[in-house]
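# just coords:
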Ligand code: SME
């Protein structure tokens, strides 16, 4: 069962940002993430904190969350948003492609993809998407970080750079990450 097109009262449609506004918003989010996760070792605590602070500062982050690698497939993990699909096979959808390729995927228009294979529409309001692979300290894939926007073209190389830097929290358990950007 997927989410309906009607948005629940607590979820708002996306608002896109300019490049300058993006950098400012990510710096505020990253400051909170780095401060709250300094010395933190629990992946679950990291995931819920990252979801919360990114959704707080980035107004185009509609569905924001993690899919965890479990028994050779992706299983829904901590997220904020409408009902997300529970399981995704490697290679299916944007998440499955990010997992197989171990590379960030940016989709300007999810409706241009083959539905059910290239893209899995958990929510019909999703119009663009970014998925970032998450690696542990042994460079093993442990999850993918998935963000949907209700607007086309919300994500670009600025989002990729900032989100890949934030995901370094999972490679350095307990250490403080220097700002790389
Ligand atoms: N759109 C993703 C599926 C996850 S829902 O968007 C939360 C995909 O195509 O893999």
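Cool, the structure landed. It should be emphasised that the depicted structure is a prediction, and the values quoted were computed from it without experimental measurement.
# use CA for all of it now, contacts and neighbours both
Fine.
# Show me what from the chain comes close to the ligand.
Neighbours of the ligand within the chain, by CA under 6 Å from any ligand atom: 84-85, 93-96, 119-122.
# Between those residues, identify the one with the most neighbours.
residue 95 (30 neighbours; other CA atoms under 10 Å).
# thought that one was touching residue 148?
No: look at residue 95 against residue 148 with CA atoms under 8 Å: they stay out of range, at 11.3 Å.
# For the longest helix anywhere in the chain, list every residue counted as buried.
Ranked by number of residues, the top helix in the chain under DSSP state H is helix 19-37. Of all the residues in helix 19-37, those buried under the rule 16 or more other CA atoms under 10 Å are 22-23, 25-30, 33-34, 37.
# which residues are contacting it?
With contacts defined as CA atoms under 8 Å, 6 or more residues apart in numbering, helix 19-37 is touched by 46, 49-50, 53-54, 56-58, 158-159, 162, 166, 169, 174, 176-177.
# 6 Å - rerun?
The contact list for helix 19-37 (CA atoms under 6 Å, 6 or more residues apart in numbering) reads 53-54, 57.
# any idea which of those residues is closest to the ligand?
residue 54 (15.7 Å; CA to the nearest ligand atom).
# Count the residues that sit near residue 81.
20.
# Equivalent analysis for residue 39, please.
Applying other CA under 10 Å, we find 15 residues neighbouring residue 39.
# Provide the backbone phi and psi angles at it.
Main-chain torsions, residue 39, degrees, to the nearest 10: phi 80, psi 0.
# show me where this protein has helices.
19-37, 43-57, 93-101, 157-166.
# Include distance to residue 129 when you put those helices into JSON lines, please.
JSON lines is the format used below for these (distance: least, CA to CA, whole Å):
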{"stretch": "helix 19-37", "distance to residue 129": "16"}
{"stretch": "helix 43-57", "distance to residue 129": "14"}
{"stretch": "helix 93-101", "distance to residue 129": "8"}
{"stretch": "helix 157-166", "distance to residue 129": "11"}
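# re the thing from before, most neighbours of all the contacts of helix 19-37, which one?
Neighbour tally across the contacts of helix 19-37 (other CA under 10 Å): the maximum, 23 neighbours, falls on residue 54.
# For that one, which residues are in contact?
Applying CA under 6 Å, 6+ apart, we find residue 54 in contact with residue 29.
# switch to 10 Å and redo it
The contact partners of residue 54, taken as CA atoms under 10 Å, 6 or more residues apart in numbering, are 25-26, 28-30, 32-33, 60-61, 64-65, 147, 163.
# re the thing from before, any shared contact partners between residue 95 and residue 148?
Common neighbours of residue 95 and residue 148 (criterion: CA under 10 Å, 6+ apart): 129-131.
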